[in-house]
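# Model the structure of this input:
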Amino acid sequence: MSQPIRALAPLPFELVYEDGEPLDSPWHREQLYLALDLIPQAMAEQGRTDFYAGGNNFVYYSVEQAREVAQEEEQGLKKRAFRGPDVFWVGGVDPTREREAWIAWEEDGRLPDFILELLSPSTARNDRTVKKDLYARVFGTSEYFLYDPQRRKLEGFRLAAPGIYRPLVPDTQGRLRSEQLGVLLGVWHGIWREREADWVRLFHSDGSLVPTVAEAANQRAEAERQRAEKAEAELERLRALLERRDAS
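Numbering: from 1, shown residues only. I've put the predicted structure just below:
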């Protein structure tokens, strides 16, 4: 497996952190936000803080790639150099470090352990070929997931050997297990940020949804309401008991 080139001295060019390219559609933007809402929730449930989750961020795996990106931006060339995945996750890293991009040579050579690409007609071919090969051979990414919103199709691959992905087999609900995140990925139809659509969601092993931040807050509020009602009912029972006792 290829290894990222480490920068041993200051780069002779400026790193690019943003290229101004919009996401393919409003759905793609909202799905990205949903994934970045859910992944920290799943990690919190597992008591993990040693991770970094990124969305639409640049990932620099070599100085040569970084130089190509800088040259394309500076000279207004067609964008051919790799920028980054739609969603990625890296485990076992410092969560408090400020990052404008994921820069492998500043992270002890670490690259994403989990990647999710959201396909579109303009990117599907590249995501299934060029990027898939890059993630397997150069990144050594353990798990690669792709979702095609037009076909409502979720696919997953796990690294079986250096540079070789093997497809994941879905369960009876059509969901795929991520060993890296410790959850299942599946398609869910519902409302997210006032948009009803099919979304990629995270699921627990028992089939229940990993809640979004808002859903978790609502669940806590509902649990608190039920506790308060139960306490009030118990108080009323005790009052009635005392009144009967006093009347006898």
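# And the one residue sitting closest to the centre of the chain, how far from Arg152?
Centrality entry for the chain: nearest residue to the mean C-alpha point is Ala35, 4.5 Å, by Cα atoms, centre = their mean. Applying Cβ to Cβ, to the nearest Å, the value for Ala35 to Arg152 is 17 Å. In this view, the C-beta of every residue, glycine as well, is placed from N, C-alpha and C.
# again with Gly207
When distances are taken as Cβ to Cβ, Gly207 and Arg152 turn out to be 19 Å apart.
# Which pLDDT value goes with the residue nearest to Val213 when sequence neighbours are not counted?
For Val213, the nearest residue in space outside its immediate sequence neighbours is Asp37; the separation is 5.7 Å by Cβ to Cβ, 6 or more residues apart in numbering. Reported pLDDT at Asp37 in the predicted model: 98.
# Then Ser248?
Value listed for Ser248 in the pLDDT field: 70.
# Kindly report the same for Pro22.
For Pro22, the model assigns a pLDDT of 78.
# That one belongs to a strand, doesn't it?
No - under DSSP: H, G, I helix; E, B strand; the rest coil, Pro22 falls outside any strand and is assigned coil.
# now it: how far from Arg29?
Counting by Cβ to Cβ, the gap from Pro22 to Arg29 is 8 Å.
# who does the worst-scoring helix or strand of the chain on mean pLDDT touch, helix- and strand-wise?
Between all helices and strands in the chain, the lowest mean by mean pLDDT, DSSP states H and E belongs to helix 213-247, at a mean of 81. In this structure, helix 213-247 packs against helix 26-45, with contacts taken as 3 or more Cβ pairs under 8 Å, 6 or more residues apart in numbering; DSSP states H and E.
# what angle do the helix it packs on and helix 213-247 make?
An angle of 50 degrees separates the directions of helix 26-45 and helix 213-247 when computed by axes from the mean of the first three to the mean of the last three Cα atoms, to 10 degrees.
# just how off-centre is the host helix or strand of Glu196 within its chain?
Assessed by DSSP states H and E, Glu196 sits inside strand 195-203. Taking Cα atoms, centre = their mean, to the nearest Å, one finds strand 195-203 lying 13 Å from the centre of the chain it belongs to.
# can you dump the C-alpha coordinates of that strand into PDB?
Written as PDB, here are the backbone C-alpha positions of strand 195-203 (Å, rounded to 0.1, in the frame of the first residue of the first chain):
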ATOM      1  CA  ARG A 195     -37.200  18.300   4.100                       C
ATOM      2  CA  GLU A 196     -39.000  15.000   3.600                       C
ATOM      3  CA  ALA A 197     -36.800  12.600   1.700                       C
ATOM      4  CA  ASP A 198     -34.800   9.300   1.800                       C
ATOM      5  CA  TRP A 199     -31.800   9.700   4.000                       C
ATOM      6  CA  VAL A 200     -28.800   7.700   5.000                       C
ATOM      7  CA  ARG A 201     -29.200   7.100   8.800                       C
ATOM      8  CA  LEU A 202     -27.300   5.300  11.500                       C
ATOM      9  CA  PHE A 203     -29.000   2.400  13.300                       C
END
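# Noted, bye for now.
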